[in-house]
Every structure is written in structure tokens, then in C-alpha cells.
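# predicted model and sequence follow; I will ask about them next.
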Amino acid sequence: MKDFLIAPSILSADFARLGEDVANVLAAGADVVHFDVMDNHYVPNLTIGPMVCKALRDYGITAPIDVHLMVKPVDSLVPDFAKAGASIITFHPEASEHIDRTLGLIREQGCQAGLVFNPATPLSYLDYVMDKVDVILLMSVNPGFGGQSFIAGTLDKLREARRRINESGRNIRLEIDGGVKPDNIRDIAEAGADMFVAGSAIFGKPDYKAVIDEMRRELAAAHG
Ligand SMILES: O=C(CO)[C@H](O)[C@H](O)COP(=O)(O)O
Ligand SMILES: [Fe+2]
């Protein structure tokens, strides 16, 4: 089977007992912790910052933490998240004045760097920075909230992103975020994604392992 990563979004976790809930979802078979940072400025919602990332590390979470920055400006938060234990830091190109500089800053801080594309953001932002990204994250909902429905047009965009990655010859992760569920994850994988964020689909069910196992069965059946 291809190397697929499942990354539960803690946006839908129980914040009153976050460490325990994250440990439980990892014990249920998740690979990566997806950490949504919203600032009530770039997106109309307010969530969590570096202190919470550090608290998860202090609690004993050792899995990669994938920090999805939905903030503007971006750069000042990058060293803070790197120090707090982030493994991957992704940001929206519209939110950075200097995309190349922000990507470089993330790598200088020892993290993997990625760009996030809203449903209407063109992939042309990749044109001159393909050698500086480790992750490409396509949003399949408009950013700001969990529990929204997958926008079907994202499948074509995934194919286009996969084509660009293949052409680059680089080992870049293709991550998808928003409305991912057991009943659509196979189509999403066949369109080219290899890292799958799922918030409400996993944390919204009492048995995390049952959902993750079902996703893995669907992924095992994916072609391509
Ligand atoms: O970045 C996000 C929203 O901006 C979240 O990661 C995403 O929405 C996950 O939630 P769900 O799987 O419930 O759609
Ligand atoms: Fe996210």
C-alpha cells in the first residue's frame, strides 16, 4: 500500500481534555496531529496558539504535529511554533507578504514547510517555490470551521497538484483538508492525495479506531 498519512484535526477534539483525546486518537492508529490555528482576522474564527502545541508536547505527544496557520501576518508565529514543537508548518500564500521568505524561515527553524490553497486560490503560487515546499495542502472547504462538506471540484485540483509534484521529481506531500470521510477518502486518494486531514469524521464518532480502520481499508483499495 502507498504511504498514506491520516491526520485528525484537533479542531473537533475535546478541548477540555485535549492531551488525553489526542493520545487516544493516536493510539487508535492516527499518524499525525493536525493543529488548526485561526486568528479571527485571516479567518472568522479563533482557536489555539503555540502554548497549546507546547502543552501537547509536555503531555507526552511525540507524533508529528502539523500546524496549519490560518493567520495574517504569518512570520512572527513561525519561531514560536517551532519552539513549541511543531513538525510541519503550513500557511496560506495570501496571508504572507513574502512567500519565499516565509518558506525559508520555516525551514531555518527546523520544520517542514508548506503552502495551503483555499478552494479559489490558484496553484500558480507554486511556480517559483516548488523547491522550497515539503507539503502542499489543498483546502476542500473554505477555511475557518470544521464540519463542512467536501467541495467536489477539489478532485481536479488534486490531480493538477499531483502532476506538478511528479514533474518536480521531489518528494512533496499532498495533503487534503476539509470534509474528508470514509465514504470519499478513496476518490481523494485516487486523485493524488497522500495525507488526509479529518476532524469531525473522526472526533465526531465514539470509536476513533473504527473510523480510522475504515479509512485505511478504503485507502488500501485505492488505485494509482
Ligand atoms: O482547516 C480546517 C478548517 O479551516 C480543518 O482542518 C478542517 O475543516 C477539518 O475539519 P473537518 O474534517 O471536520 O472538515
Ligand atoms: Fe486545517
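That came through, no problem. Ligands and ions are numbered 1, 2, ... in the order given.

# the closest residue to residue 94 other than its chain neighbours: neighbour count?
Distance criterion Cβ to Cβ, 6 or more residues apart in numbering; nearest residue to residue 94, sequence neighbours excluded, is residue 121 at 6.7 Å. To be clear about C-beta, it is placed using only N, CA and C from the backbone, and glycine gets the same treatment. Neighbour count for residue 121, taken as other Cβ atoms under 10 Å: 16.

# roughly how far out does the one helix or strand residue 101 maps to sit from the chain middle?
Using DSSP states H and E, residue 101 maps to helix 99-108. For helix 99-108, the gap between its own C-alpha mean and the chain's C-alpha mean amounts to 18 Å (Cα atoms, centre = their mean, to the nearest Å).

# alongside ligand 1, which residues does this structure contribute?
9, 11-12, 34, 36, 68, 141, 143-148, 177-180, 197-201 (Cβ under 6 Å from any ligand atom).

# show me the shaky parts of the chain.
For the chain, the stretches with pLDDT under 70 are 1-2.

# which parts of it are helices?
Along the chain, counting by DSSP state H, helices occupy 18-27, 50-59, 77-83, 99-108, 154-168, 185-190, 200-203, 208-220.

# out of those helices, deepest packed?
Ranked by mean neighbour count, these are led by helix 200-203 with a mean of 22 (mean count of other Cβ atoms under 10 Å).

# against which helices or strands is that helix packed?
Helices and strands touching helix 200-203, by 3 or more Cβ pairs under 8 Å, 6 or more residues apart in numbering; DSSP states H and E, are helix 18-27, helix 208-220.

# what's in contact with that helix?
Contacts with helix 200-203, where a contact means Cβ atoms under 8 Å, 6 or more residues apart in numbering, come from 8-10, 12-14, 21, 25, 30, 146-147, 180-182, 208, 211-212.

# out of these, which are buried?
8-10, 12-13, 21, 25, 30, 146, 180-182, 208, 211-212 (16 or more other Cβ atoms under 10 Å).

# return the closest of those with respect to ligand 2.
Set against ligand 2, the nearest of the buried ones among the contacts of helix 200-203 by Cβ to the ion is residue 9 (5.4 Å).

# what is that closest one paired to in the beta sheet?
Residue 9 forms beta bridges with residue 34, as assigned by DSSP bridges.

# quick one: contacts for it?
Listed by Cβ under 8 Å, 6+ apart, the contact set of residue 9 reads 34, 36, 146, 177, 197-199, 203.
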